[in-house]
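S.K.: Return atomic coordinates for the entry below.
(2 chains)
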Amino acid sequence: MSTQLPHPSQAAPDTTQIHNIGYRSYDGPRLGRAYARRSLFSQSLRGAYGLGRSAKSKVLPMILFAVMCVPALILVAVAVVGKQSKLSIEYTQYALYLQVVISIYLASQAPQSVSRDLRFRTVPLYFSRPIERADYVLAKFGAMASALFILTASPLLILWIGSLLAKMDFAEQTKMFGQGLVSVALLSVLFGGIGLVMAALTPRRGFGVAAVIAVLTVSYGAVSTLMGIAFATDNGGVIQWIGLFSPMTLIDGVQSAFLGAPPGFPELGGPSTGVGVIYVLVVLALIAGSYGILMRRYRKVGL
Amino acid sequence: MTVIATESLSKRFPRVTALDRLSLDIGPGVTGLVGANGAGKSTMIKILLGLSPATEGRAEVLGLDVSTSGAQIREQVGYMPEHDCLPPDVSATEFVVHMARMSGLPATAARERTADTLRHVGLYEERYRPIGGYSTGMKQRVKLAQALVHDPKLVLLDEPTNGLDPVGRDEMLGLIRRVWTDFGISVLVTSHLLGELERTCDHVVVIDGGQLLRSSSTSDFTRTTTTLAVEVTDSDTHPDGTGALRAALAEAGVVLHPGVEDGLPGAGHILLLEAAGEETYDLVRDTVAGLGLGLVRMEQRRHHIAEVFRPETPPRHEEVPAR
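M.R.: Presented below is the predicted three-dimensional model:
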């Protein structure tokens, strides 16, 4: 008689079976650099809203997204119910009014996107793969700008849909909506670049957060104050130049010169068209500069 | 077939020469790259990955020139860095899937390969937990998994046993051996401990100060210098068992090493001798039995990196400053 009881460790047949599967090599496609760059872009963009990360990291970006959209919903509700012929806020002004929310979002998500890779020294793992420095920087930059664009363009979309529901003039609303989109697109790329540069300079997340907040709010506060002083002392001509020194007033200047927006400080007046060109050039130079600094930064940390 | 070939490869930095006219020819299998800290091991790996240009000379990996085909090489090579490189707030699965995609694997393949690879390196249920809670040994396994996930033809492992306890070390070395024997992936593994690599590698390359000291198959190392350590008990007839055995073996013509390990606790009871072949083992056994002593142990001693230097350079006696 040989009724052998199965050994306890063999009681679960699936576990023993797993051990018997040998190594399988991979003969499928290897999609190369462009695919890796796209994957990194989508992973970073999702990460900027906490998707694919822990539940805890979804909280802040989602709250900020809601905070951005709620005023638009209220405005739309008022417009629809009150049968207004015009929205009570310009598309181009929306981001300006809610710039604190945008700054907090950028300050919380830019370090998340780049400081972690630096702090935990994951960057060498990327650069030991087919992607190059430029791919990494472009993917991160693109993802941050796209995340900001989603944050800033979504309320505009709500406003536009609301304006159509309230049966406002379609052509006019669509034109203004378009101008608003161009403005926030420029804002997203500019702020994204500045935020990433600040965050990439330090592997410490806390410093990154503080640096982004400081650069955005302190510069805006200082510039506004100087503008006020210039106005009070009758130095009106200087005001349009002072606006060059903070990211938010830069965007404000560009949109009031070219995108039909009223200036952020109506009593001060926006920059003239000639100075507006300089605003655009400064914005583009800052974006290019951010890219350049990021490229330099990652030359040092590659492996 | 050659996996890695270098020809008078040099790398000079403004103040140091990291590699100095290094010519190597490494075939498939497990190859150990041994050298003290700062010997040029990491510089070598950077050059092989095409991330740092050589000052002069050339290098080929898998038949591809490192200076022109860096991206192609990195697609077929895996790299495990020496330092920590894992974010603590994601699970091993998420992390390795992401790294697989960074190597160009489509999403589905990335997930399948991740599950397979993590299982092969010995991570099971814990792979769904955040990496922050892992032990050092588990982290090392995740690092190895991300280097293997895209099924490379060659992996470069930089000090994979760093920070591991003896058991973890043995497991990691066993795993490295399997990467070649079971997976068919060639391995270049660096270490500053020769003894460790001797058990794992088919071939060992020793560099020092950026220069090639020695390159030979592991069997050469062991064949030329097999040292046996023998420890015996004392008995009533031979109160100093070790001394008696020493005398008896010397009489039988066995080459006895002077007490290399003098100064270590219990070193006086360990006899080191050179094994000429199988017969030496028999001779020791018979001699011990003849003396009526108990044989506590008889084992092969692992070499220190210092022993590799010995044929070329006499052992350095460090002078103790007079006090």
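S.K.: tell me the SS of the residue nearest to the spatial centre of chain B?
M.R.: What sits nearest the mean C-alpha location of chain B, by Cα atoms, centre = their mean, is B:L197, with 2.6 Å. At B:L197 the chain is in helix, as set by DSSP: H, G, I helix; E, B strand; the rest coil.
S.K.: count of neighbours near the residue nearest to B:R214 when sequence neighbours are not counted?
M.R.: Residue nearest to B:R214 in three dimensions, not counting chain neighbours: B:V206, with 4.5 Å by Cβ to Cβ, 6 or more residues apart in numbering or on different chains. For the C-beta atoms, the positions are set from N, CA and C on the backbone; glycine is no exception. If you count neighbours by other Cβ atoms under 10 Å in any protein chain shown, B:V206 ends up with 22.
S.K.: Ok, B:I4 next?
M.R.: Counted with other Cβ under 10 Å, residues neighbouring B:I4 total 23.
S.K.: any idea how far it lies from A:G28?
M.R.: Using Cβ to Cβ, to the nearest Å, B:I4 is found at 26 Å from A:G28.
S.K.: same deal with A:K167?
M.R.: A:K167 sits 55 Å away from A:G28, going by Cβ to Cβ.
S.K.: Check A:Y97 too.
M.R.: 51 Å.
S.K.: Over to B:W180. Which of the three states is it?
M.R.: When classified by three-state DSSP, B:W180 comes out as helix.
S.K.: Hmm, B:L62 is touching B:V3, no?
M.R.: Yes - with contacts defined as Cβ atoms under 8 Å, B:L62 counts as touching B:V3 at a distance of 6.3 Å.
S.K.: Could you tell me which residues touch both of those two?
M.R.: Common neighbours of B:L62 and B:V3 (criterion: Cβ atoms under 8 Å, 6 or more residues apart in numbering or on different chains): B:K153, B:L154.
S.K.: Output the contacting helices and strands for whichever strand or helix holds A:K56.
M.R.: With elements taken from DSSP states H and E, the one containing A:K56 is helix A:55-81. Counting contacts by 3 or more Cβ pairs under 8 Å, 6 or more residues apart in numbering or on different chains; DSSP states H and E, helix A:55-81 packs against helix A:91-97, helix A:99-119, helix A:133-165.
S.K.: Could you say which helix or strand holds B:D25?
M.R.: Following DSSP H and E, one finds B:D25 within strand B:17-26.
S.K.: do the same with B:A54
M.R.: Assessed by DSSP H and E, B:A54 sits outside every helix and strand.
S.K.: what's the pLDDT at it?
M.R.: For B:A54, the pLDDT comes out at 92.
S.K.: Just to check, it is in contact with B:I47?
M.R.: Yes - the pair B:A54 / B:I47 is scored as a contact, 5.3 Å apart, by Cβ under 8 Å.
S.K.: Can you work out which residues contact both of the two?
M.R.: B:L9, B:K11, B:L19, B:V66.
S.K.: Give me the phi and psi angles of residue 297.
M.R.: Answering for chain A, as no chain was given. Taking degrees, to the nearest 10, you get phi -60, psi -40 for the backbone angles of A:R297.
S.K.: That was the other one, I meant chain B.
M.R.: B:R297 has phi and psi values of phi -160, psi 150 when expressed as degrees, to the nearest 10.
S.K.: residues near it, how many?
M.R.: Using other Cβ under 10 Å, B:R297 has 10 neighbouring residues.
S.K.: Kindly report the same for B:A276.
M.R.: For B:A276, the count of nearby residues is 12 (other Cβ under 10 Å).
S.K.: can you pull the contacts of it?
M.R.: Applying Cβ under 8 Å, 6+ apart, we find B:A276 in contact with B:V254, B:V255.
S.K.: And B:T117, by the same measure?
M.R.: B:V96, B:A145, B:L148, B:V149.
S.K.: And for B:V34?
M.R.: Neighbour list for B:V34: B:T190, B:S191, B:H192, B:L193, B:L194, B:L197, B:V204, B:V205, B:V206, B:I207, B:I305, B:V308 [criterion: Cβ under 8 Å, 6+ apart].
S.K.: and it, how far is that from chain A?
M.R.: Look at B:V34 and chain A: by Cβ to the nearest Cβ, to the nearest Å, they are 21 Å apart.
S.K.: quick one, strands of chain B?
M.R.: Residue ranges of the strands in chain B, as given by DSSP state E, are B:4-12, B:17-26, B:30-34, B:56-61, B:64-65, B:77-80, B:154-158, B:186-191, B:203-208, B:211-217, B:227-232, B:270-274, B:295-300.
S.K.: could you redo those strands as TSV and give each row distance to A:L286?
M.R.: Supplementary listing: the strands of chain B in TSV, determined by distance: least, Cβ to Cβ, whole Å:
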stretch	distance to A:L286
strand B:4-12	37
strand B:17-26	38
strand B:30-34	46
strand B:56-61	41
strand B:64-65	40
strand B:77-80	36
strand B:154-158	39
strand B:186-191	43
strand B:203-208	47
strand B:211-217	49
strand B:227-232	68
strand B:270-274	70
strand B:295-300	67
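S.K.: These: which one's closest to A:N235?
M.R.: When the strands of chain B are compared by Cβ to Cβ, strand B:4-12 sits nearest A:N235, at 58.3 Å.
S.K.: any idea of the mean pLDDT for that closest one?
M.R.: Throughout strand B:4-12, pLDDT has a mean value of 93.
S.K.: same check, this time on stretch A:229-247
M.R.: Computed over stretch A:229-247, the average pLDDT equals 84.
S.K.: Endpoint to endpoint, that stretch covers what distance?
M.R.: This stretch, stretch A:229-247, spans 20 Å end to end (Cα to Cα, to the nearest Å).
S.K.: how far is that stretch from where the chain is centred?
M.R.: Distance, stretch centre to chain centre, for stretch A:229-247: 28 Å (Cα atoms, centre = their mean, to the nearest Å).
S.K.: What are the buried residues along it?
M.R.: Neighbour-count burial for stretch A:229-247, counted by 16 or more other Cβ atoms under 10 Å in any protein chain shown, picks out A:A230, A:F231, A:I239, A:Q240, A:I242, A:G243, A:L244, A:S246, A:P247.
S.K.: ok, now stretch A:72-79?
M.R.: Of all the residues in stretch A:72-79, those buried under the rule 16+ other Cβ under 10 Å are A:A72, A:L75, A:V76, A:A79.
S.K.: what does stretch B:25-43 give?
M.R.: Neighbour-count burial for stretch B:25-43, counted by 16+ other Cβ under 10 Å, picks out B:26, B:28-35, B:39-43.
S.K.: List of residues touching stretch B:1-19?
M.R.: Residues outside stretch B:1-19 that contact it (Cβ under 8 Å, 6+ apart) are B:20-28, B:31, B:40, B:43-44, B:47-48, B:52, B:54-63, B:153-154, B:186, B:188, B:209-210.
S.K.: show me which of those residues neighbour chain A.
M.R.: Among the contacts of stretch B:1-19, proximity to chain A is found for B:S52 (Cβ under 8 Å from any Cβ of the partner chain).
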